[in-house]
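In: Give me the fold of what follows.
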Amino acid sequence: MKNTQTDINQIQIGEFVFDKTNSTLILADKSTKLEPLSFSFLCFLIKNQGQVVSREELLNVVWENRVVSDDSIRKVVKKLRDAFNDDAKSPKYIKTVSLKGYCLVADIKVCKTKSKKTYKSIILIIAVVIVWISTFIIFTTQKNNEAVFSNNTKHKIELLTNLPGSEIDADFHQKTNTLIFSHKTHNDALWQLHYKNLNSGLTSRLTWDQHNYQKPLFSPKGNKIIFWRTNKPNRSLFMADFKPNTGLTNVVNLSAEFSTALPLSWSSNGELIYFAGTKKSNAPITLFTVNISSLKTKQLTFVNSAGFGDYFAKESNDGKKLAMLRNVADQKYVMLIIDLETGKIIVNKPISFYANAIVWHKNNEKLYISSYKGDFYYYSLIKDQLTKQAGTQPSINDVIHNCGDNCFYMRQHNMNYTDITEIPNPFEEPSNSTTLYIESDNAEFHPIYNAAADALYYTSKSTHKANIIHHVLGGDPKVLYSFAPQTVITDLSINQQENKLLGKAEGRIFILDLLTKKLSYKTSALEIAANPSWKLTGEGIYFSRIENRKQRLIQYDLKTSKVKKLNQDIIQKQELSDGRIFIIDSHKNLYQVMPDSTKKIVIKLPRTGINHWQIHKNDLYYSFSEGNDFYLTRLNMSTKQQNKHLITKNTLYMDFKLHPDGKKILFTKPIIDKSNIIKINW
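Out: Here you go, the predicted structure:
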């Protein structure tokens, strides 16, 4: 560095100016705000400019010995490279040294001022900068539970938990001021139960074995909890006594006869437990109660709809009403409120989103309803009115507790919970071909190849938008179309001509013209449509629609907009490029339609989504789950020989696409995003 007067608030890094006062990188008139971890990471690289810093050093200093995954480190590096417009393959700023660490290769110097100083002054200033950097690194890693304001100044957020990794499925016991939640630190870890007393600030772990523990719920007195434990292939409901000093004792399985039993809530008097369950894997879920004294179960609802059933129940604080949620068809939901004394349904309210949590107001005349994708609504029984909360975003979800006027305990995450990855086909001979891994700061879903496999189409979701992406391999991803951030986009497929993209958004089937970038819906919000697929000619589509409580296959002509009703009880049709035709009936049976129009049974599929099965040559590939794990099966349709392979653990996503040459598999991979339990004042 030259012996010049310096401003210790700014450091020149290559072509950029690093302004420490507001954590920004400046290039000409463009500035980029750095997140705290990225800021600390860069500070440590500056301190060791020209030297390789190891993973261990980074964990020790930047992450302060917290347990984090390699993915977490790579994501911070990627954010810094993006801020510097740097290329990982030919880096000018941050270089990855294989198996060793990272190095800041750009020249650095303190920014000049008009007057000069002696060499001693420069050394002193550099020392001050280093001390400041070290101090800031320590400061930025010790901000647990401090109040912060979001970009939206209308609401205030306070962290209630801040463990490395992810906290989900929280419950709160107000009298003891205690949170209980599931937590894990990395993808391959198991969800384990923890609790935190908000008075002492201490967090303790409750479970340690080789099971996933989720959905913990306090009893009204706080002396018992119920939880969901996954034991392949079943997910069972357990109850245990709880004391802070002794942990969990007297653990009892309450649902041994059920294949699935999801804990929902306690009755207001603590005598009953509500859960959603099914005794058969393919049956709709219904509501049950179990008496904690007699351990006898009772079925409350009997579902007769095309949806997956009744999946939530919560008593009012006075025990006089029961709010429940029902899926009546694909993307169609209703909230029912029942008078428990008379058994009469007093509210039957359609809702436009997949709600997953309800909290009653203390006056028992208002409810707070939230969804995993960030919807938040108030419902007034007196007015029979749903009111949407302003300023909601997908990263804040799962309402837990009402802590006052417009005050709630909820969950906040960073929206980076899935990436897209490619692996060699596990059923083929190993090869040395390269595979893809697409990572970003957003959540990516539903990837598909084009015919030449030189480009991908997928969806991406951030706090601001839900996008359809076109990604030419070797190039940058391009946004084709944007939706509101809460929009759920599924079932992507491209026609043989590769000029139109088919999909479904919030239950409505759409076609996106890839030349004009115009999107048009082919079904209305009043229709219950699913399983869209292309006619081989690309001039029409197939989809299923519920009519008179039965599913029917529909053909839609793109040129004339005419709808033709086809087979009843057929829910999907696929026309392959080689001319073969496959259909699925309402019982999930997959058939091949032979040239003489007869049907030949192939197999009964566990899942029928268009991205849950695929034909390649004479093999059928299909996905299924065991517990929280995602498996892929290959069935030879001639010999009927089957093989299965574990693809990824601890996931809810089982969509996949086979590479056109059959040698690779593309799928959505879950990653652990940073998530915390928060207190928010809207």
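In: Sort out which residues of stretch 197-206 are buried, please.
Out: Residues of stretch 197-206 classed as buried: 198, 203, 206 (neighbour count, 16 or more other Cβ atoms under 10 Å). Any C-beta I mention is one placed from the backbone N, CA and C, and that applies to glycine too.
In: and the residue nearest to the first one when sequence neighbours are not counted, how many neighbours does it have?
Out: Taking Cβ to Cβ, 6 or more residues apart in numbering, and ignoring the residues beside it in sequence, residue 198 has residue 177 as its nearest neighbour in space, at 4.6 Å. Using other Cβ atoms under 10 Å, residue 177 is surrounded by 12 other residues.
In: how close does residue 177 sit to residue 370?
Out: Distance of residue 177 to residue 370, given as Cβ to Cβ, to the nearest Å: 22 Å.
In: got it, and residue 409?
Out: In this view, residue 409 and residue 370 are 11 Å apart by Cβ to Cβ.
In: what sits in contact with each of these two?
Out: Taking Cβ atoms under 8 Å, 6 or more residues apart in numbering as the criterion, residue 409 and residue 370 both touch residue 399.
In: Now do the strands in the stretch 201-350 of the chain.
Out: 203-205, 212-218, 224-231, 234-243, 247-253, 260-266, 272-278, 286-291, 297-299, 309-315, 321-329, 332-339, 345-351 (DSSP state E, counting those that start in this stretch).
In: mind checking which of those is nearest residue 39?
Out: When these are compared by Cβ to Cβ, strand 203-205 sits nearest residue 39, at 26.0 Å.
In: Give me the contacts around that closest one.
Out: 161, 163, 192, 193, 194, 195, 196, 244, 247.
In: Let's see if you can find the most crowded of those residues.
Out: Highest neighbour count within the contacts of strand 203-205: residue 193, with 25 neighbours (other Cβ under 10 Å).
In: Would you agree it is in contact with residue 207?
Out: Yes. Counting by Cβ atoms under 8 Å, residue 193 does reach residue 207; the two are 4.7 Å apart.
In: Can you work out which residues contact both of those two?
Out: 213, 248.
In: Could you tell me the phi and psi values at the nearest residue to residue 472 once chain neighbours are set aside?
Out: In this structure, residue 472 finds its nearest non-sequential neighbour in residue 455, 4.6 Å apart by Cβ to Cβ, 6+ apart. The phi/psi pair for residue 455 (degrees, to the nearest 10) reads phi -150, psi 150.
In: who touches the closest residue to residue 54 other than its chain neighbours in this structure?
Out: Nearest residue to residue 54, sequence neighbours excluded (Cβ to Cβ, 6+ apart): residue 101, at 4.2 Å. Residues near residue 101 by Cβ under 8 Å, 6+ apart: 52, 53, 54, 55, 57, 58.
In: Quick check: residue 101 vs residue 546, distance?
Out: Here the criterion is Cβ to Cβ. By it, residue 101 lies 57 Å from residue 546.
In: Give me the neighbour count for residue 108.
Out: Count around residue 108 with other Cβ under 10 Å applied: 16.
In: wait, it sits on residue 11?
Out: Yes. With contact defined as Cβ under 8 Å, residue 108 counts as touching residue 11 (5.9 Å).
In: And the pLDDT for residue 143?
Out: If you check residue 143, the pLDDT there is 35.
In: meant to ask about residue 269
Out: 97.
In: Check the one 3 residues further on too.
Out: Here the pLDDT value assigned to residue 272 is 98.
In: Would you mind listing the residues in contact with it?
Out: 266, 289, 290, 291, 292.
In: Out of the residues you listed, flag the one nearest to residue 390.
Out: Using Cβ to Cβ, the contacts of residue 272 come closest to residue 390 at residue 266, 32.1 Å.
In: The closest one contacts residue 273, correct?
Out: Yes. Using Cβ under 8 Å, residue 266 makes contact with residue 273 at a distance of 6.0 Å.
In: re earlier: could I get the buried residues of stretch 197-206 in CSV, plus columns for pLDDT and distance to residue 308?
Out: Formatted as CSV, the buried residues of stretch 197-206 follow (pLDDT from 0 to 100; distance: Cβ to Cβ, whole Å):
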residue, pLDDT, distance to residue 308
198, 96, 36
203, 96, 35
206, 96, 30
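In: Am I right that residue 38 is in a helix?
Out: Yes. Looking at residue 38 with DSSP: H, G, I helix; E, B strand; the rest coil, it is inside a helix.
In: How far away from the center of its chain is stretch 193-204?
Out: 25 Å (Cα atoms, centre = their mean, to the nearest Å).
In: Residue 97 - how many residues pack around it?
Out: Applying other Cβ under 10 Å, I find that residue 97 has 11 neighbouring residues.
In: which residues touch it?
Out: Taking Cβ under 8 Å, 6+ apart as the definition, contacts of residue 97 comprise 52, 103.
In: Local confidence estimate at it?
Out: Reading off the model, residue 97 has pLDDT 86.
In: go on, residue 546?
Out: 89.
In: Could you give the bridge partners of it?
Out: Note on residue 546: beta-bridge partners by DSSP bridges are residue 551.
In: where along the chain do the helices fall?
Out: Assigned by DSSP state H, the helices in the chain fall at 36-47, 55-61, 70-84, 119-140.
In: By mean pLDDT, show me the worst of those.
Out: helix 119-140 (a mean of 42).
In: Quick check: residue 482 touching residue 461?
Out: No. Residue 482 is not in contact with residue 461 according to Cβ under 8 Å; the separation is 10.6 Å.
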